[in-house]
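Could you look at this predicted model? Sequence included:
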2 protein chains.
Amino acid sequence: MKQLENRKWEILDSEYLAKEGDWFTVRRERVQLPNGHIIPHWYIFEFPHWVNIIAITKEGKFVLIDQYRHAIRETHYELCAGVIDPTDESPMHAAKRELLEETGFGGGEWEEFMQIRPNPTNQINMQYTYLAKNVEYVGKLGNDPSEDICTHLMTEEEVYELLTSGGIVQALHQAPLWKYFALKKEK
Amino acid sequence: MKQLENRKWEILDSEYLAKEGDWFTVRRERVQLPNGHIIPHWYIFEFPHWVNIIAITKEGKFVLIDQYRHAIRETHYELCAGVIDPTDESPMHAAKRELLEETGFGGGEWEEFMQIRPNPTNQINMQYTYLAKNVEYVGKLGNDPSEDICTHLMTEEEVYELLTSGGIVQALHQAPLWKYFALKKEK
């Protein structure tokens, strides 16, 4: 594929508007395009990197969760997902930790499935998706009281039906699941 | 599929931290979970709804663009995309307007292809994806100096290669394109 020219903007000014941790650290920049045009206010959200997991048990069941999402005030099916500890955690470690913490499933064979930018327009972070095969229930260690999560074991056909019927709404979960089914149908 | 219980959080307090238009309007809420746990700071970003378009010409070429994305300081291939005017615009109208403005392509047959939540954790908005078939070049009306966009006409095979090789990075563009290929391979 043709190599694209990276038409970078020049940063004329940059200031932090907020530094309230993982969920609200924001810069505002004054930038100049290569054509000379100046945009006075460009907002950049400094979220840490995220992970999610397509986890499949030895019996071929997909490990999904459901969770209430406050910004839209609705509860939907999702992949297990979480935040990579910005201090020193690898994406793979974070993925294994999140699956265990949220669902109690572990073990199996893990591979990186894809990398996705949640929104390169205004978010600096990456989302790493892992494919974990042959996981099994090893026990939940305890519940984070700030998370109210239910686990669901589903057949591949049920997951596909969820996807096509709008049961999974989040872009970062739709993208890897549609990729999974596109690659599968290729074979 | 089993109907999920919507385990809504109670809003104990809500205040605007910023009201700087379409790209930085933020609420901070104090919320209580059904289990009684209180989260003192939950951030909600009030972005307007967005659209993007899988546009295919009469000759079967996909109309892609490339654009520099400042938060990650990189330039990648993308679907044509944009913001729905919050005052009175329909998603379909916004999609047709954005395709014409950014690429000069119009006409053809349009249908809604999917709805995607960019991030229901902390964004209130929806992304509407349209599939436009048999579009043709009708001429660009002018360039928005704040947008530095190049148009690319690609075969379906080239788009698939882009997807599998990491040439399209944004979740909101990966999800509909992987869905397009999953449905196609089903036939």
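Noted; the coordinates are in hand. Residues are numbered from 1 along each chain as shown, chains lettered A, B, ... in the order given.

Could you tell me whether residue A:2 really is in a helix?
No. Under DSSP: H, G, I helix; E, B strand; the rest coil, residue A:2 falls outside any helix and is assigned coil.

Any idea how many residues pack against it?
The local packing of residue A:2 (other C-beta atoms under 10 Å in any protein chain shown) involves 10 other residues. Quick note: C-beta positions are derived from backbone N, CA and C, even for glycine.

In contact with it, which residues are there?
residue B:152 (C-beta atoms under 8 Å, 6 or more residues apart in numbering or on different chains).

Need the residues that contact the top helix by length along chain A.
As assigned by DSSP state H, the longest helix anywhere in chain A is helix A:171-186. Contacting residues not belonging to helix A:171-186 are listed as A:50, A:52, A:54, A:78-79, A:81, A:113-114, A:116, A:118, A:127, A:129, A:131, A:159-160, A:163, A:168, B:114, B:116-119, B:127, B:163, B:171-172, B:174-175, B:178-179, B:181-182, B:185-186 [C-beta under 8 Å, 6+ apart].

Report the buried residues of it.
Residues A:171, A:172, A:173, A:174, A:175, A:176, A:177, A:178, A:179, A:180, A:181, A:182 are the ones in helix A:171-186 that count as buried (16 or more other C-beta atoms under 10 Å in any protein chain shown).

Walk me through the domains of chain A.
The record, using automatic domain parsing to delimit domains, assigns chain A the ranges A:10-45, A:50-186.

Any idea how far apart the tips of the last one sit?
Its first and final residues considered, domain A:50-186 spans 28 Å by C-alpha to C-alpha, to the nearest Å.

The shortest one now?
The separation between the terminal residues of domain A:10-45, taken as C-alpha to C-alpha, is 18 Å.

just for chain A, where's the confidence low?
By pLDDT under 70, the weakly predicted segments of chain A are A:1, A:187.

Could you pull out the helices in it for me?
A:91-103, A:156-164, A:171-186.

just so I have it, where are all the strands in chain A?
Under the criterion DSSP state E, strands of chain A are mapped to A:10-19, A:25-32, A:38-45, A:50-57, A:62-69, A:74-83, A:105-106, A:109-116, A:127-137, A:149-154.

So which of those strands is nearest chain B?
With C-beta to the nearest C-beta as the measure, strand A:62-69 is the member of the strands of chain A nearest chain B (3.7 Å).

which helices and strands does that closest one pack with?
Applying 3 or more C-beta pairs under 8 Å, 6 or more residues apart in numbering or on different chains; DSSP states H and E, one finds that strand A:62-69 makes contact with strand A:50-57, strand A:74-83, helix A:91-103, strand A:149-154, helix A:156-164.

Determine which stretch of those is the most buried.
strand A:50-57 (a mean of 24; mean count of other C-beta atoms under 10 Å in any protein chain shown).

what residues are up against the closest residue to residue A:144 other than its chain neighbours?
Using C-beta to C-beta, 6 or more residues apart in numbering or on different chains and skipping the chain neighbours, the partner closest in space to residue A:144 is residue A:101 (7.0 Å). For residue A:101, the contact set (C-beta under 8 Å, 6+ apart) comprises A:82, A:140, A:141, A:144.

Buried by neighbour count, from those: which ones?
Neighbour-count burial (16+ other C-beta under 10 Å) applied to those gives residue A:82.

ok so, going back, export the buried residues of helix A:171-186 to JSON lines and tack on distance to residue A:24?
JSON lines is the format used below for those (distance: C-beta to C-beta, whole Å):
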{"residue": "A:171", "distance to residue A:24": "20"}
{"residue": "A:172", "distance to residue A:24": "19"}
{"residue": "A:173", "distance to residue A:24": "23"}
{"residue": "A:174", "distance to residue A:24": "25"}
{"residue": "A:175", "distance to residue A:24": "25"}
{"residue": "A:176", "distance to residue A:24": "26"}
{"residue": "A:177", "distance to residue A:24": "29"}
{"residue": "A:178", "distance to residue A:24": "30"}
{"residue": "A:179", "distance to residue A:24": "30"}
{"residue": "A:180", "distance to residue A:24": "32"}
{"residue": "A:181", "distance to residue A:24": "35"}
{"residue": "A:182", "distance to residue A:24": "35"}
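
Next one: residue A:55 from residue A:126, what distance?
Between residue A:55 and residue A:126 the computed distance is 20 Å (C-beta to C-beta, to the nearest Å).

In this structure residue A:170 contacts residue A:78, no?
Yes. Here residue A:170 lies in contact with residue A:78, judged by C-beta atoms under 8 Å, at a distance of 6.2 Å.
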